[in-house]
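J.: generate coordinates for the sequence data below:
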Amino acid sequence: MLIPGEFKPLAKKELLKIPVFGWIAQGATVIVDRSDRGSKQQSLDRLKKILSEGISILLFAEGTQNRSKEILQPFKDGAFRLAIDTQMPVLPMVVIGAGKLMPPGTINLRPGLIKIVVAPEIPTVGLSDVAQLKQQTFEVMKEMIIKNQKS
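T.: Below you'll find the predicted structure:
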C-alpha cells in the first residue's frame with residue numbers, strides 16, 4: 001500500500017462540476033475554493049484535524065494538472081506549510097503517464113497504464129523553512145520523473 005491506512009485527498013471546487021465524479025468527490029475529499037481565502041483556511045483547519053485523527057492526506061503540490069512543457073510546475077506553499085505546522089513527514093509520489101489517459105482540460109478517460117513512483121518520506125520534525133522543504137520535495141520529485149519516464 002502506498003499510503004498506509006486511511007487517507008483523504010484535497011480537491012478543488014471545480015471538480016464538483018464533473019458528473020458522477022463530483023458527487024464522489026463531495027463525500028470522499030476535502031473541497032477547497034482556491035479563489036476564497038476563507039475556504040482555504042477552513043480546508044487547512046479541516047486537514048489539520050484529519051491529520052490529528054491519524055488519517056493521512058493527499059495533496060497535489062502543483063495545485064493542478066501540468067499543462068506546461070516543464071517536468072513540474074512550481075509548487076504551491078500550502079502542503080509544505082501544513083507539513084511543517086503539523087510536523088508530519090512528506091511522502092513524495094509521482095504519477096507517470098496520467099496526462100495521456102486524461103489530457104489536461106478534459107474529463108474523457110482513455111484506457112492505458114500509469115506508473116506511480118514513491119520516494120522515501122522527507123521528515124519535517126524541527127523544520128521551519130517552508131521554501132526549503134518545498135524545494136527539497138520539488139528536486140526529489142523532478143528526479144523521480146526523469147528516472148521513470150524513460151523506463
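J.: only C-alpha atoms for contact and neighbour calcs from this point on.
T.: Fine.
J.: so which bits of stretch 46-62 are buried?
T.: Buried residues in stretch 46-62, counted by 16 or more other C-alpha atoms under 10 Å: L47, K48, I50, L51, I55, S56, I57, L58, F60, A61.
J.: which one among those gets closest to L91?
T.: For the buried residues of stretch 46-62, the minimum distance to L91 (C-alpha to C-alpha) is 9.4 Å, reached by L58.
J.: distance of the closest one from I50?
T.: Using C-alpha to C-alpha, to the nearest Å, L58 is found at 11 Å from I50.
J.: all helices of this structure, in order?
T.: Secondary structure of the chain by DSSP state H: the helices cover 21-28, 37-52, 78-86, 98-101, 130-149.
J.: tell me the most buried of those helices?
T.: Highest mean neighbour count among these (mean count of other C-alpha atoms under 10 Å): helix 78-86, with a mean of 20.
J.: residue nearest the centroid of the chain?
T.: F60 (1.8 Å; C-alpha atoms, centre = their mean).
J.: in contact with it, which residues?
T.: L10, A79 (C-alpha atoms under 8 Å, 6 or more residues apart in numbering).
J.: same deal with K142?
T.: Residues near K142 by C-alpha under 8 Å, 6+ apart: I71, L72.
J.: ok, 10 Å please
T.: Contact partners of K142, counting by C-alpha atoms under 10 Å, 6 or more residues apart in numbering, are E70, I71, L72, V94, Q136.
J.: how much space between the third one and Q65?
T.: So the one you mean is L72. 10 Å.
J.: what do you get for the fourth one?
T.: Taken as C-alpha to C-alpha, the spacing of V94 relative to Q65 amounts to 12 Å.
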